[in-house]
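Trainee: have a look; sequence and predicted model below, questions after that.
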Amino acid sequence: MSTSAGDEFAAMFAAAGLPQVQSGTAAQNTTRPARLVLRGATIIDGAGAPPWGPADLAVESGRIVELKKVGTPGLPISPARRPETGDVEIDCAGRFLTPGFIDVHAHIGAPFHAENGPMPSADYVYKLWLAHGVTTVRETGCFNGLSWTLAEAKRSDAGEIAAPRIAPYAAFPGTNDYVKTLHTAEAATAWLAQVRENGAEGVKFFGAPPAMMKAALTACRELGLRSCCHHAQLAVSRMNALTTAKWGLTSTEHSYGIPESLLDRQTVQSFPADYDYNDEYVRFAAAGQTFLQAAQPGSCKWDQVLAGFLETGHTFVPTFNVYDANRDLMRTRNADWHSRYTDPTLWSYFQPQRGGHGAYWYRWSTTNEVEWRRTFSVWMRFVNDYKNAGGRVAVGSDSGFMYQTYGFGFVRELELLQEAGFDPLEVLRAATLSGAELLGIDGETGTLEVGKRADILVHDRNPLLDFKLLYGTGAMRLDGATNDVSWPRCLALTIKEGIVYDAGVLLGDVEEMVAARRGSTQP
Ligand SMILES: [Zn+2]
């Protein structure tokens, strides 16, 4: 039987004995109130505006229908000014509303994980996302198969499963070294038309021979497909991120391809003599050196390259968090959430091992970490400069690899954007409006505005004060009254298109799942 377009990676995994992730199971509570009213909230709109309130927000059939200032801080609210009653009412006095988060680099698990035992189910992933406020994800690659991912997306839209909305981006099977069923520009164009017809919203590239890549990006534009690329090292000497941005690529994922566009003393990276791309220790150690060999911040070349990207309207999705372990392995490995929320198979997958992907800690050293810290400072400067020049940066987590657990990795990305120089309001915008713009759904979601989908987060505290409060564990605080340590969380409710999820309940479900799987899968 021939493989349906968009299912090539899944077929490759299946041939290696690695199955798809287990689909989401029917959700218990998917009621969408006919009219839902959130009262007395402080609004943080996602577009960069500062907080304002008190406001009442009404939702009907999953859409925001009213957003109204109802008083003055410090004074009682006159009932006469308030929108009419809903069938569900939520008191939001002292609480903060933001748009739902958009994770633009997400994987609903990965067949890779099956190398280390029974895979965590899609429910585990979905619940962690919702519990961390993620209401939309871009599935970058659909490694469980485009058909599988489309089916999940449909069930999510119908409210049958408790999951974020899913935007499927099919993996382009024309990589240099990996899955390669496409060899010509004509075949690439036909494949793109097919995945478009099948329902993909976009395509994920890993690089391809330049003529084919250029033709494919032209075809994407004609077909209305968006695109993203992980510029793999085996393809990047022939076309860096600036080249593909000029050809119409929508977004660059991770850092690959950026430092290559900044090289000014050489035309290819200097690789260590023992480099082999498929030896992941060497691959990831060398990846920490590219920016250090390139033009530095403030140089003429640096400014030219930034301007070049800006002109194309390109978007960067750094996924800093998934490389966070590279600069402090022990810290990341010992994060506070692993014991309760990291699935045992995922945990086993994270440990150093050959094969698989992203478990390259065979002899990870102080030198590796120091190089990666220096790399981060140049890379962060580039991303921050791009934002300051008016460029778009969006939040992607890439969780499920390198000690990053779903949901937690997304919040870590918020912290790292702040470290890069983003104001907390800019971080929030990257996580909401910018993500929506990248996916082309900013008319539908990404800000709190009348007419948009009711993708809304209800926070008990202001998340701008400390993004750590968004972690499922909460953030460590000393209670002044009792002198005890507590772990408050700010996210109380995640509302996805009008369906209300309790973050605490979702976290409890995940904890139970993890505990049960520990009991059954570990000796
Ligand atoms: Zn990824």
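Mentor: Okay, I see it.

Trainee: any weak-confidence spans in the stretch 401-523 of the chain?
Mentor: 521-523 (pLDDT under 70).

Trainee: now with 50, please.
Mentor: The stretch 401-523 of the chain contains residues with pLDDT under 50 at 523.

Trainee: which parts of it are strands?
Mentor: 456-459, 477-478, 485-486, 491-496, 499-502 (DSSP state E, counting those that start in this stretch).

Trainee: how much space between the residue lying farthest from the centre of the chain and Val70?
Mentor: Largest separation from the mean C-alpha position in the chain: Ala80, at 42.3 Å (C-alpha atoms, centre = their mean). Distance, Ala80 to Val70, using C-beta to C-beta, to the nearest Å: 10 Å. Quick note: C-beta positions are derived from backbone N, CA and C, even for glycine.

Trainee: check Thr218 too.
Mentor: Computed as C-beta to C-beta, the Thr218 to Val70 distance reads 51 Å.

Trainee: do Ile43 as well
Mentor: 11 Å.

Trainee: joint contacts of these two?
Mentor: Residues touching both Ile43 and Val70 by C-beta atoms under 8 Å, 6 or more residues apart in numbering: Ala55.

Trainee: give me the more crowded residue out of the two.
Mentor: Ile43 (22 against 19; other C-beta atoms under 10 Å).

Trainee: so who does the more buried one touch?
Mentor: Counting by C-beta under 8 Å, 6+ apart, Ile43 touches 51-53, 55, 57, 67, 96-97, 448.

Trainee: excluding chain neighbours, what is closest to it?
Mentor: Ala55 (5.0 Å; C-beta to C-beta, 6 or more residues apart in numbering).

Trainee: part of a helix, is that neighbour?
Mentor: No: read with DSSP: H, G, I helix; E, B strand; the rest coil, Ala55 is strand and lies in no helix.

Trainee: and for it, the neighbour number?
Mentor: Using other C-beta under 10 Å, Ala55 has 20 other residues around it.

Trainee: how near is it to Gly48?
Mentor: According to C-beta to C-beta, Ala55 and Gly48 sit 17 Å apart.

Trainee: follow-up on the earlier one: give me whichever of the strands of the stretch 401-523 of the chain is most buried.
Mentor: Comparing those by mean neighbour count (mean count of other C-beta atoms under 10 Å), strand 456-459 comes out on top with a mean of 26.

Trainee: tell me what that one is packed against?
Mentor: strand 35-43, strand 96-99, strand 491-496 (3 or more C-beta pairs under 8 Å, 6 or more residues apart in numbering; DSSP states H and E).

Trainee: partner strands of it, with direction?
Mentor: The pairing partners recorded for strand 456-459 under DSSP bridges are strand 96-99 (antiparallel), strand 491-496 (antiparallel).

Trainee: columns distance to Arg32 on top of those strands, output as CSV?
Mentor: Below are the strands paired with strand 456-459 laid out as CSV (distance: least, C-beta to C-beta, whole Å):
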stretch, distance to Arg32
strand 96-99, 18
strand 491-496, 9
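
Trainee: indicate which one of those strands is closest to Arg35.
Mentor: strand 491-496 (13.4 Å; C-beta to C-beta).

Trainee: that closest one: how far from the chain's middle?
Mentor: 18 Å (C-alpha atoms, centre = their mean, to the nearest Å).

Trainee: restricting to C-alpha, output that strand in PDB.
Mentor: The C-alpha coordinates for strand 491-496 follow below in PDB (Å, rounded to 0.1, in the frame of the first residue of the first chain):
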ATOM      1  CA  LEU A 491      -3.300  30.000  36.000                       C
ATOM      2  CA  ALA A 492      -6.700  28.900  37.300                       C
ATOM      3  CA  LEU A 493      -8.700  28.300  34.200                       C
ATOM      4  CA  THR A 494      -7.900  27.700  30.500                       C
ATOM      5  CA  ILE A 495     -10.900  28.600  28.300                       C
ATOM      6  CA  LYS A 496     -10.600  27.200  24.700                       C
END
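
Trainee: contacts for it?
Mentor: Contacting residues not belonging to strand 491-496 are listed as 36, 59, 90, 95, 100, 130-135, 164-165, 454-460, 463, 469-470, 500-504, 506 [C-beta under 8 Å, 6+ apart].

Trainee: is the residue farthest from the centre of the chain in a helix, a strand, or coil?
Mentor: Per three-state DSSP, Ala80 ends up helix.

Trainee: distance of it relative to Val268?
Mentor: In terms of C-beta to C-beta, Ala80 sits 70 Å off from Val268.

Trainee: how about the residue nearest to Ile43, what does it touch?
Mentor: Shown in contact with Ala55 (C-beta under 8 Å, 6+ apart): 40-43, 67-70, 97.

Trainee: for it, list each beta-bridge partner.
Mentor: Going by DSSP bridges, Ala55 forms beta bridges with Ala41, Lys69.

Trainee: ok, Ile77 - contacts?
Mentor: Contact analysis of Ile77 by C-beta under 8 Å, 6+ apart lists 40, 54, 70-71.
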